[in-house]
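Asks: make a model of this:
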Amino acid sequence: MSTDSSSSETDVRRIQLGNTVFEGKNDVYVLHQGDRVALVDAGIALPETRVELESGLRSLGLALSDVDDVVLTHWHADHAGFAGAIQAESGATVHVHAADADLVSGDEAAWEAYHAREERRFEEWQLPDEPRRELRSFLDGHADARGEPVEVTPFEDGARLRVGGVALDVVHLPGHAAGLCGFAFDEERPEAFVGDAILPKYTPNVGGADLRVDSPLDAYTASLERIVDADWHRAWPGHRDPIDAPADRARTILEHHRERTRRVVAVLDDHGPCDVWTVSAHLFGALERIHILHGPGEAWAHLDHLCRAGAVERDGHRYRLVDSEVDVASLFPVL
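Replies: The predicted structure follows:
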């Protein structure tokens, strides 16, 4: 765990929490003006999270019981899992986009529907039995990371939340998750908390991270376009360190997806019609743990993008090129 602060007009304090389950250290941001305290994201529901978060808050002269609001960027356990424990301790209001509200609250019907969707996707993607068993064991083994049930207060795109003495403007950025949002602040030199919409090192997974997102790559490229148009001075991501010039980072990630689409086209051109699992294997090789979901999810997102553009056709579980000469650049916006 580490704690640091920003040079922002708004006093942003960052507490970094360990995370051995998913993609590296999680960032929880503390907003504290007057007697109001808010957190942006909450970390994963593991015992060590409580220890690290309490220690980080203590270094700021605060305790879990002081937290008035928790604002969640999206539903994933490493961002929302500990929100229920915070709410139980302090009575905090937990805010999340309406698209993710049922999953964060622990609604049984929503989770049953999500698990049913997983099984349908695994079949559509033609995941072999052994990797499917490994993935299911991983997902079931970390179900507790989602944490306690939460009473949530939903919001929509364009809302303004006043928490921790700061006004946050909601910017819906779906793709990685259906309800993923950024929260913009400081009108003079605008900045934003962006969750996993953009990350400083990795490219956020699209296609496997939230199976509810229709046309996930289309949705994500539109979100990247929105980040570029916002032209924020700095972005505060859900993992690792702040991102200066986030518009440039969004452009880099878009180019990454253009290149991945070119690679998907090359796989189909070289090997003929393939199912999603086979394309994933050519792209990423052997996969384990959560990447058994994320690898074919990425492959499917790009195949779906190509299908919607008419460059690829799907026949059952297999995809084939309509024409080997695909103008990939034309399938993405110019940012």
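Asks: can you list the domain ranges for this protein.
Replies: The chain breaks down into these domains under automatic domain parsing: 2-116+141-252, 257-331.
Asks: in TSV, list those along with distance to Leu135, mean pLDDT and mean neighbour count.
Replies: Any C-beta I mention is one placed from the backbone N, CA and C, and that applies to glycine too. Listed next are those as TSV, based on distance: least, Cβ to Cβ, whole Å; pLDDT from 0 to 100; neighbours: other Cβ atoms under 10 Å:
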stretch	distance to Leu135	mean pLDDT	mean neighbour count
domain 2-116+141-252	10	94	20
domain 257-331	4	97	18
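Asks: nearest to Glu123, of these?
Replies: Taking Cβ to Cβ, domain 257-331 is the member of the domains of the chain nearest to Glu123, at 8.2 Å.
Asks: can I get the domains of the chain in CSV with distance to Leu127?
Replies: Shown next, in CSV, are the domains of the chain (distance: least, Cβ to Cβ, whole Å):
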stretch, distance to Leu127
domain 2-116+141-252, 11
domain 257-331, 6
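Asks: and those domains: which comes nearest Pro131?
Replies: Closest to Pro131 of those, according to Cβ to Cβ: domain 257-331, at 4.9 Å.
Asks: quick one: end-to-end length of the closest one, please.
Replies: Taking Cα to Cα, to the nearest Å, domain 257-331 runs 10 Å from one end to the other.
Asks: over to stretch 232-249?
Replies: End-to-end distance for stretch 232-249, by Cα to Cα: 11 Å.
Asks: contacts only, for the residue nearest to Leu31 when sequence neighbours are not counted.
Replies: Distance criterion Cβ to Cβ, 6 or more residues apart in numbering; nearest residue to Leu31, sequence neighbours excluded, is Gly164 at 2.9 Å. By Cβ atoms under 8 Å, 6 or more residues apart in numbering, Gly164 lies in contact with Val30, Leu31, His32, Gln33, Arg36, Val37, Ala38, Asp68, Asp69.
Asks: can the residues you listed go into CSV with extra columns for distance to Ala143?
Replies: Listed next are the contacts of Gly164 as CSV, based on distance: Cβ to Cβ, whole Å:
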residue, distance to Ala143
Val30, 28
Leu31, 30
His32, 33
Gln33, 37
Arg36, 33
Val37, 30
Ala38, 28
Asp68, 29
Asp69, 26
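Asks: and Ala143, how far is that from Trp111?
Replies: According to Cβ to Cβ, to the nearest Å, Ala143 stands 9 Å off from Trp111.
Asks: contacting residues around Pro273?
Replies: Residues in contact with Pro273 (Cβ under 8 Å, 6+ apart) are Asp315, Arg318, Tyr319, Arg320.
Asks: what's the closest of those residues to Arg13?
Replies: Closest to Arg13, out of all of those and judged by Cβ to Cβ, is Tyr319, at 47.3 Å.
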